[in-house]
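Undergrad: could you look at this predicted model? Sequence included:
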Amino acid sequence: MSPGLPLAEALVEALPRLCTPHTPLHPLLAELIRALADALEAGALELDLGAPAPDGLDSGCWPEAYRQALDSSALAVAADALESDPEAPLVLDGERLRWRRWHLQLEHTLAALVRRAREPLARPPQPDELAAARSQAAAAGLDAGQQQAVTAALSQPLLLLSGGPGTGKTSTVVQVLAGLQRIHPDLRLQLAAPTGKAAARLREAIARGGAALAPDLAQSLLAAPCSTLHRLLESSGERFGRDARRPLELDLLVVDELSMVDLPLMAALLDALPPHCRLVLVGDPAQLPPVGPGAVLQELMRPRWLAELGPAAVDLRTPYRNAGAIAAVAAGLRLSGPAPLAVLEPRLRALAPGDNLQWRQAPARRPPAEALAALRQHHRQLTVLARALPDLDDQTHAQVEEATQALLDELERCVLLTPVRQGHWGVAGIHRQLLGEAACRPVAHWPIGTPVLNQRNLPEQGLANGDVGVLVATGEGRRVLFAGGRLLHPALLGQAEPALALTVHKSQGSQYGTVWLLLPPGRDWDARLLYTGLTRARQHAWLITPGGVPAGTPAHHQHPGQAPDAPG
């Protein structure tokens, strides 16, 4: 590949030369190769010929003319005829076109999960044990679907537990762990998630849920280690220290936020998992797919794989939390098509002043003023709390902990989310408005109280890429405070970024009291992006879209600074 030659163009040039040197490349096939390469760079493994034409492809020729170009080319082979044409780099699996390498890895990984679900247990539970676990779950307030998940986890080596926010996934996992530990008291348990923030939230949720258990079970849950998947697998960049030759020493692994796990990471995890280890996978398939290639959870939710998993797959659908307009709109987004705003506009226009979701439209050529005002107020409060910390040197340990926790709580009270980094409504533009020239300088030059996004894996510090701290002043100079009271010198973080605003992708695994979600102009945003952004909010969300004030918006609608739980 020549320097600077884009991947798509390199593939268009190289594949015919290597695979079909005597046959000219059909122009439509060249377009498909480019589109497939672009999709892979965006984290997608395939093109769906049953969906609308991707950008850059001729909608008048889509999909039939493209399918005919595939059928007549030796570069493509049907998924059920792979062995008859081992050289073809493209695989057409029904309506889905993939690169052969990724098709094979996807099929291998999903089949491995199904095999694990079907493996017989060395010590199956007795009927009375299953009945006791179900009874305990019912006494804890779990519904029939949650109870089904508990008995499924006790009866087979794998459980795929899916559901939206507030459907009781964590409550179910707590009862799964309690039921298994009653039967297997010496169970070696590990909790994990794709990011440090998600792992911390999982630990906190399990601890809260386990508080109602018997003291010995609650203590076992509190003692369970929890880490990122990369740290668990002893990642050193491109390699993992744990694999089939050096497997994990576990009897049970719980993986939360499965929607963020890509195909290579899942393949590495299965390679390192001993055959006897039970696996509980938990996630929300309506969230954004992972940044890396291959959305494992979304693939597992397809009818073929759900049928093969059978009772090992349980989908929770009854919401118990995050009620109100946020939940109603999120439910609509789960069902919406390619133009979610158009589908949801009637519901958005019907929002009442007291609803926990509010919709505003704002001029696209400058950052939304209401959102900036809310973030400035949030930043001022962070600054006040951060500047109070050095005065605690002579205070008691309890007082120091209380002040530190107040600062970390404020950190999660408010955030602005956007899909893009650049532009007036992008992360970088928002931070320039809030921090001025300091936004482009190293962490040590930012104002005290500024949230800090760590972008490095620092296992020796217990930090992962994506963790958020806050800049404070100490007697030894400026430091970044993270959860657990960890204070790090800013230089250790390298290229950290401000975190008053985050991309929606970076917010996955986190929750905030109030979320301001901006949808910049220029494209129809994916329903999963809206869903992920809005469901980061615990109490209140503001959806900001380009334009003037929505037609029909009542004049008495509250200003964001006056709404329940809104900042300012």
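TA: Received, thanks. Residues are numbered from 1 along each chain as shown.
Undergrad: for Ala327, see how far away Val384 is.
TA: Noted for Val384: a distance of 33 Å to Ala327, by C-beta to C-beta, to the nearest Å. Placement of C-beta: from N, CA and C, glycine included.
Undergrad: let me redo that: Leu154
TA: 30 Å.
Undergrad: compare neighbour counts for those two and give me the winner.
TA: Taking other C-beta atoms under 10 Å, Leu154 and Ala327 do not tie; Leu154 has more neighbours (23 against 19).
Undergrad: now that one: phi and psi?
TA: Per-residue torsions, Leu154: phi -80, psi -20 (degrees, to the nearest 10).
Undergrad: which residue packs closest to it, ignoring adjacent ones?
TA: Pro125 (4.8 Å; C-beta to C-beta, 6 or more residues apart in numbering).
Undergrad: so who does His184 touch?
TA: Counting by C-beta atoms under 8 Å, 6 or more residues apart in numbering, His184 makes contact with 123, 251.
Undergrad: mind checking how far it is from Arg116?
TA: 18 Å.
Undergrad: check Val400 too.
TA: Distance from Val400 to Arg116, by C-beta to C-beta: 46 Å.
Undergrad: who has more neighbours, these two?
TA: Taking neighbours as other C-beta under 10 Å, Val400 and Arg116 compare with Arg116 leading, 18 against 14.
Undergrad: surely that one meets Val280?
TA: No - using C-beta atoms under 8 Å, Arg116 is not in contact with Val280; the gap is 11.6 Å.
Undergrad: need the overlap of contacts for these two.
TA: Joint contacts of Arg116 and Val280 (C-beta under 8 Å, 6+ apart) are Leu158.
Undergrad: hmm, Ile183 and the residue nearest to Leu154 touching each other?
TA: Yes - counting by C-beta under 8 Å, Pro125 touches Ile183, with 6.0 Å between them.
Undergrad: what touches both of these two?
TA: Leu154.
Undergrad: ok now do Leu341, which residues does it touch?
TA: Neighbour list for Leu341: 348, 519, 524-525, 530, 545 [criterion: C-beta under 8 Å, 6+ apart].
Undergrad: no no, Gly163
TA: 169, 284, 315-317.
Undergrad: now the buried members of these.
TA: Neighbour counting by 16 or more other C-beta atoms under 10 Å classes 169, 284, 316 among these as buried.
Undergrad: now the first one: how far from Gly209?
TA: In other words, Lys169. Lys169 is 10 Å from Gly209, by C-beta to C-beta.
Undergrad: still on that earlier bit, comparing Pro125 and Ile183, which residue is more hemmed in?
TA: Pro125 (21 against 15).
Undergrad: burial count for Arg188?
TA: Neighbour count of Arg188, defined by other C-beta under 10 Å: 14.
Undergrad: where does it fall, phi/psi-wise?
TA: According to degrees, to the nearest 10, Arg188 has phi -90, psi 110.
Undergrad: skipping its backbone neighbours, what lies nearest Ile326 in space?
TA: Using C-beta to C-beta, 6+ apart, the nearest residue to Ile326 is Leu357, at 4.8 Å.
Undergrad: residue contacts, the one you found?
TA: Neighbours of Leu357 in contact, by C-beta under 8 Å, 6+ apart: 324-326, 329, 351, 534, 537, 540-543.
Undergrad: repeat for Gly56
TA: Shown here is Gly56, whose contacts under the criterion C-beta under 8 Å, 6+ apart are 31, 34-35, 38.
Undergrad: repeat for Leu463
TA: Contacts of Leu463 by C-beta under 8 Å, 6+ apart are 196, 454, 456-457, 482, 486, 488.
Undergrad: what subset of the residues you listed is buried?
TA: 196, 454, 457, 482, 488.
Undergrad: okay, and which of those map to helices?
TA: Judged by DSSP state H, the subset of those located in helices is Gly196.
Undergrad: adding pLDDT, write the buried ones among the contacts of Leu463 out as a markdown table.
TA: Below are those laid out as a markdown table (pLDDT from 0 to 100):
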| residue | pLDDT |
| --- | --- |
| Gly196 | 84 |
| Asn454 | 92 |
| Asn457 | 78 |
| Phe482 | 90 |
| Leu488 | 92 |
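Undergrad: would you turn the buried ones among the contacts of Leu463 into JSON lines with distance to Val176?
TA: What follows is the buried ones among the contacts of Leu463, written out as JSON lines (distance: C-beta to C-beta, whole Å):
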{"residue": "Gly196", "distance to Val176": "24"}
{"residue": "Asn454", "distance to Val176": "31"}
{"residue": "Asn457", "distance to Val176": "29"}
{"residue": "Phe482", "distance to Val176": "30"}
{"residue": "Leu488", "distance to Val176": "35"}
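Undergrad: just the buried ones among the contacts of Leu463: which are in strands?
TA: 482, 488 (DSSP state E).
Undergrad: tell me the one of the buried ones among the contacts of Leu463 nearest Gly436?
TA: Ranked by distance to Gly436 (C-beta to C-beta), the buried ones among the contacts of Leu463 are led by Asn454 at 22.4 Å.
Undergrad: and the gap between the closest one and Leu159?
TA: From Asn454 over to Leu159 (counting by C-beta to C-beta), the distance is 32 Å.
Undergrad: same check on Asp143?
TA: Asp143 is 16 Å from Leu159, by C-beta to C-beta.
Undergrad: these two: who's more crowded?
TA: Between Asp143 and Leu159, Leu159 has the larger neighbour count (other C-beta under 10 Å), namely 27 against 17.
Undergrad: my read: that one touches Leu300, true?
TA: No - counting by C-beta under 8 Å, Leu159 does not reach Leu300; the two are 11.8 Å apart.
Undergrad: need the overlap of contacts for those two.
TA: Leu281.
Undergrad: stretch 441-451 - what's its average pLDDT?
TA: Computed over stretch 441-451, the mean pLDDT rounds to 95.
Undergrad: isn't Ser84 right next to Ala78, touching?
TA: No - the criterion here is C-beta under 8 Å, and Ser84 misses it with Ala78 at 9.0 Å.
Undergrad: the two - which one has more neighbours?
TA: Ala78 (15 against 9).
Undergrad: for that one, phi and psi?
TA: phi -70, psi 150.
Undergrad: for it, give the beta-bridge partners.
TA: Bridge pairing for Ala78 (DSSP bridges) gives the partners Leu92.
Undergrad: list the contacts for it?
TA: Ala78 is in contact with 91-93, counting by C-beta under 8 Å, 6+ apart.
Undergrad: going by distance to Asp58, which of the residues you listed wins?
TA: Closest approach to Asp58 among the contacts of Ala78 (C-beta to C-beta): Leu92, at 18.6 Å.
Undergrad: state the pLDDT value of that closest one.
TA: 95.
Undergrad: was I right to think it contacts Ala76?
TA: Yes - with contact defined as C-beta under 8 Å, Leu92 counts as touching Ala76 (5.8 Å).
Undergrad: list residues touching both of these two?
TA: With C-beta under 8 Å, 6+ apart, Leu92 and Ala76 have common neighbours Leu70.
Undergrad: end to end, how far does stretch 313-330 reach?
TA: 22 Å (C-alpha to C-alpha, to the nearest Å).
Undergrad: give me the contact list for it.
TA: Contacts of stretch 313-330 with the rest of the structure, by C-beta under 8 Å, 6+ apart, involve 143, 145-146, 148-149, 152, 159-169, 172, 286, 300, 306, 331, 344, 347-348, 351, 355-357, 531, 534-535, 537-538, 541.
Undergrad: in it, what's buried?
TA: Within stretch 313-330, judged by 16+ other C-beta under 10 Å, the buried ones are 313-314, 316, 319, 322, 325-330.
Undergrad: just stretch 361-380 next, same as before
TA: Result for stretch 361-380 [16+ other C-beta under 10 Å]: buried residues 361-362, 364, 367-368, 370-372, 374-375, 378-379.
Undergrad: any idea which of the residues you listed is closest to Arg203?
TA: Set against Arg203, the nearest of the buried residues of stretch 361-380 by C-beta to C-beta is His378 (25.4 Å).
Undergrad: check which helix or strand the closest one maps to.
TA: helix 369-388 (DSSP states H and E).
Undergrad: how far does that helix sit from its chain's centre?
TA: 27 Å (C-alpha atoms, centre = their mean, to the nearest Å).
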